[in-house]
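Chemist: Predicted model and sequence below, questions to follow.
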Amino acid sequence: QVQLVESGGGLVQAGGSLRLSCAASGHPISTFIMGWFRQASGKGRDFVAAISRNGVTPKFADFVKGRFTISRDNAKNTVYLQMNKLNYTDTASYYCAAANGFYLVDYYDSEDHYGYWGQGTQVTVSS
């Protein structure tokens, strides 16, 4: 079993950047597809990005393409989400997740495919 802890959230002005980290423990993340989701107040949880086990292949939601990048350091058991050009609509709680399985990363754009979740970190973008 893997435990996930997100960090790096906070308050940022529109147009600014933040880097979220997800530190894993209990199991090497190298065996998992890793993903990021977000949930705005009163809304459902949306897929943001995912990354293949070796860190080569990412997948992004359309609304973050060109602004966010996802990366992982399996040696540090950590996944990152670099968020640039933030706007008010990016305000949400951001969750890190880990998925077992052996499908291509494109498959992992649904929360139903993830078995492990962190507690979330709040990102607030002021306009």
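Modeler: Arrived safely. Numbers count the residues shown, from 1 in each chain.
Chemist: where's the residue nearest the centre of the chain relative to residue 6, distance?
Modeler: Central residue check for the chain by CA atoms, centre = their mean: the C-alpha nearest the mean position is that of residue 36, 2.1 Å away. Separation of residue 36 from residue 6 (CB to CB, to the nearest Å) stands at 9 Å. For the C-beta atoms, the positions are set from N, CA and C on the backbone; glycine is no exception.
Chemist: Mutual contacts of the two, please.
Modeler: Jointly contacting residue 36 and residue 6 under the rule CB atoms under 8 Å, 6 or more residues apart in numbering are 20, 22, 94, 95, 96.
Chemist: out of these, who has the most neighbours?
Modeler: Ranked by neighbour count under the definition other CB atoms under 10 Å, the shared contacts of residue 36 and residue 6 are headed by residue 96 with 29 neighbours.
Chemist: so it, which of the three states?
Modeler: Reducing the assignment to helix, strand or coil with DSSP: H, G, I helix; E, B strand; the rest coil, the entry for residue 96 is strand.
Chemist: The nearest residue to residue 94 once chain neighbours are set aside: how many residues sit nearby?
Modeler: In space, not counting the residues next to it along the chain, residue 94 is nearest to residue 38; the distance is 4.9 Å by CB to CB, 6 or more residues apart in numbering. The burial metric for residue 38, expressed as a neighbour count using other CB under 10 Å, is 23.
Chemist: Which SSE is immediately downstream of the helix or strand residue 38 falls within?
Modeler: When secondary structure is defined using DSSP states H and E, the element that contains residue 38 is strand 33-39. Past strand 33-39, heading to the C-terminal end, the next element that is a helix or strand (DSSP H and E) is strand 45-51.
Chemist: That following strand packs against which elements?
Modeler: Counting contacts by 3 or more CB pairs under 8 Å, 6 or more residues apart in numbering; DSSP states H and E, strand 45-51 is packed against strand 33-39, strand 58-60, strand 68-73, strand 78-83, strand 92-99.
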